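Chemist: only the shape, not the letters, is given here:
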């Protein structure tokens, strides 16, 4: 039998308080950088083979450390002025940190960190599967691995993680013992990550072709990184680099498998999605769209839906909806009298484990 999950949902107003926390899958150090006041909301669930964490934060923080040798963790980290091992990280994309991987993070403004860790039998299963597929890159090797994940699957994983930590926040607010549901939810999030890793391949090494084409793409990405919130035209990039549009397109197709216009547009859409997850509780979809240069809101909504499988308003509602809307949680009484959380999108009548439930209208 597994022990009850370790979990908490806390707020912090200083880095000193944060340094008292431990991590089951990593050793780390935290220090403050800059003079901005630090405030954060941290939710974690540690149970069996899975560790789930969600951190919403602002203030200058530097964090460094390494993942334990018997664990693997997958991270979404993004925010303005945020870097991951020296690389700017303004867009939520899935990074997988293998066992023993060192990390160095700097977050100088508002940011969000979402994470699912695997160990124990889940970790062993991935190792066994990796050994049985000699031609498949191993997620269990040290290093930071990029995950090729369709945006719709990425959103599903993000929502499952956020739904899981919402259980813990509901439990903290109601001062209820929700250990059984929290354990199930954490295991489901871990299982979702394991399924993603077992069913997809790591990004292949690009076919660079020539040093010149590699340098062209790298220079273009540098230009785009310098203008994270504004559209950058292909003709302007070509003018800055002194090359033709055909040369730029060939370099992008060869190295990234996509044309530069599509890459630039998808990058801004992913950045807008990140802002929905980060500050959708206080910013409107119009504000978010315009902040990334999408002035035609209908076209923005259509392009976002084509990429993520639902509209930006629907994503915002699922993550930040009003207390009685989908994405938030009520406590309902099971037939044995225990309290359990459910989201509005789960039908009254079944909980996450399939047990019969009766809605408690009084609670």
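Modeler: It's in. These figures come from a predicted structure and were not determined experimentally.
Chemist: now the longest helix along the chain, how far from the chain's geometric center?
Modeler: Longest helix in the chain by number of residues (criterion: DSSP state H): helix 151-174. Taking Cα atoms, centre = their mean, to the nearest Å, one finds helix 151-174 lying 11 Å from the centre of the chain it belongs to.
Chemist: got the buried residues for it?
Modeler: Under the neighbour-count criterion of 16 or more other Cβ atoms under 10 Å, helix 151-174 has 151, 153-172 buried. (C-beta placed from N, C-alpha, C; glycine too.)
Chemist: same check, this time on stretch 223-231
Modeler: For stretch 223-231, a neighbour-count test (16+ other Cβ under 10 Å) marks residue 224 as buried.
Chemist: quick one: contacts of stretch 258-268?
Modeler: Around stretch 258-268, the neighbours that count as contacts under Cβ atoms under 8 Å, 6 or more residues apart in numbering are 91, 220, 224, 229, 231-232, 234, 237, 248-249, 252-253, 256, 292-294, 303, 307.
Chemist: residue ranges with poor pLDDT in the chain?
Modeler: Low-confidence segments of the chain (pLDDT under 70): 1-3, 130-138, 147-148, 199-211, 322-363.
Chemist: in it, which residue is closest to the centre?
Modeler: The chain has residue 76 as the residue nearest its centroid, 3.0 Å off, counting by Cα atoms, centre = their mean.
Chemist: isn't that residue up against residue 96?
Modeler: No - contact criterion Cβ atoms under 8 Å: residue 76 and residue 96 do not qualify, at 11.0 Å.
Chemist: how deep is residue 220 tucked in, by neighbour count?
Modeler: Neighbourhood size, residue 220 [other Cβ atoms under 10 Å]: 24.
Chemist: doesn't residue 249 make contact with it?
Modeler: No - assessed by Cβ under 8 Å, residue 220 is found out of contact with residue 249, at 10.7 Å.
Chemist: for residue 290, see how far away residue 273 is.
Modeler: Residue 273 is 15 Å from residue 290, where distance means Cβ to Cβ, to the nearest Å.
Chemist: between these two, which has more neighbouring residues?
Modeler: Set residue 273 next to residue 290 and count neighbours by other Cβ under 10 Å: residue 273 wins out with 25 against 15.
Chemist: list the contacts for the more buried one?
Modeler: Under the criterion of Cβ under 8 Å, 6+ apart, the neighbours of residue 273 are 92, 151, 155, 304, 308, 312, 315.
Chemist: from those, which is closest to residue 192?
Modeler: residue 155 (12.0 Å; Cβ to Cβ).
Chemist: ok, the residue found closest to the closest one once you drop the neighbours it is linked to in the chain - how many residues close by?
Modeler: With sequence-adjacent residues excluded and distances taken as Cβ to Cβ, 6 or more residues apart in numbering, residue 155 is closest to residue 308, at 5.1 Å. Residue 308 has 23 neighbouring residues, counting by other Cβ under 10 Å.
Chemist: which stretches of the stretch 51-200 of the chain form strands?
Modeler: Taking DSSP state E, counting those that start in this stretch, the strands of the stretch 51-200 of the chain run over residues 61-67, 71-79, 82-84, 87-88, 95-97, 102-107, 110-119, 144-146.
Chemist: got the ones you listed as CSV, with distance to residue 30 columns?
Modeler: Putting those into CSV (distance: least, Cβ to Cβ, whole Å) gives the following:
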stretch, distance to residue 30
strand 61-67, 5
strand 71-79, 14
strand 82-84, 15
strand 87-88, 20
strand 95-97, 17
strand 102-107, 10
strand 110-119, 12
strand 144-146, 20
